[in-house]
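**Student:** with the sequence up front, the predicted model follows.
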Amino acid sequence: MRSNRSASRSVTTCACLALGLVMALPIGAMPLRAEPADQSAEPADQTPALEQSEAIALVRATFVRLNDANLTNQYVMLRATGAPDFQKRFSEAELAALFAEMRLRHVDFSRIIALDPVIRSARFYTAQGILELMGSVPLGSIEARFGFRYQRLGGVWKLYGLSLDFGRASKPAKVAHMT
């Protein structure tokens, strides 16, 4: 049975997808939408640049770590490569419990890793220094929907939070061109 603390974390982890899809991204340089938490937050021009290829690499690396963790039932690397707040929020045992159903279903992320993710939303929360990438990976009639958050520490994006769900494939999103 899951403790209230673990249940609360599971809801928090899955709540990332509830933020909604904000914008589809064009190929090439990826504009980040700055979302200041309050009036004292950094201005939008302080938003770090992120290329589409960098965003795809972050998403793939997260899926690789998650796949390795699920295949081995060892969440040491997933947790160790996360941001300090991620490490404080989740023990290895709690991560194992959160992904137990995926392990029981023998979910294999190797197909997901080989395909290009469709990043539908990229936001940077300036006050917290958090990058949020949301999107999906189409797998025929189903898709893997993800919401990954990262914090940049020492020049490296570290996992801050994640949510993952599988469902029927949605119609392809139209790409919003930023001006």
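**Tutor:** Everything's here; your move. Residues are numbered from 1 along each chain as shown.
**Student:** the strands in the chain, which residues?
**Tutor:** Ranges of strands within the chain are 29-30, 33-34, 50-51, 118-125, 130-139, 142-153, 156-168, based on DSSP state E.
**Student:** next, the contact list for residue 102, please.
**Tutor:** 70, 164 (Cβ atoms under 8 Å, 6 or more residues apart in numbering). Where C-beta positions appear, they are placed from N, C-alpha and C, glycine not excepted.
**Student:** switch to 6 Å and redo it
**Tutor:** Going by Cβ atoms under 6 Å, 6 or more residues apart in numbering, residue 102 touches residue 70.
**Student:** kindly report the same for residue 159.
**Tutor:** 82, 86.
**Student:** picking that back up, Throw the strands of the chain into CSV and include mean pLDDT, thanks.
**Tutor:** Conversion of the strands of the chain to CSV gives the following (pLDDT from 0 to 100):
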stretch, mean pLDDT
strand 29-30, 40
strand 33-34, 44
strand 50-51, 84
strand 118-125, 90
strand 130-139, 92
strand 142-153, 92
strand 156-168, 91
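**Student:** nearest to residue 68, out of these?
**Tutor:** strand 156-168 (13.4 Å; Cβ to Cβ).
**Student:** buried residues, the closest one. List them.
**Tutor:** For strand 156-168, burial by neighbour count (16 or more other Cβ atoms under 10 Å) applies to 157, 158, 159, 160, 161, 162, 163, 164.
**Student:** same question for stretch 139-156.
**Tutor:** For stretch 139-156, by 16+ other Cβ under 10 Å, it's 143, 144, 145, 146, 147, 148, 149, 150, 151.
**Student:** between the buried residues of strand 156-168, which is nearest residue 92?
**Tutor:** Of the buried residues of strand 156-168, the one sitting nearest to residue 92 (Cβ to Cβ) turns out to be residue 159, at 13.9 Å.
**Student:** show me the shaky parts of this protein.
**Tutor:** Along the chain, segments meeting pLDDT under 70 span 1-48, 171-179.
**Student:** cutoff 90 now
**Tutor:** Along the chain, the parts satisfying pLDDT under 90 run over 1-53, 102-112, 116, 121, 123, 125-129, 138-144, 154-155, 164-179.
**Student:** what ranges do the helices span in it?
**Tutor:** With helices called from DSSP state H, the chain shows them at 4-15, 52-72, 76-80, 84-89, 92-98, 100-104, 110-114.
**Student:** surely residue 143 meets residue 169?
**Tutor:** Yes. Under the criterion of Cβ atoms under 6 Å, residue 143 makes contact with residue 169 at 4.5 Å.
**Student:** which one of the strands of the chain lies closest to residue 85?
**Tutor:** Of all the strands of the chain, strand 156-168 sits nearest to residue 85, with 6.4 Å by Cβ to Cβ.
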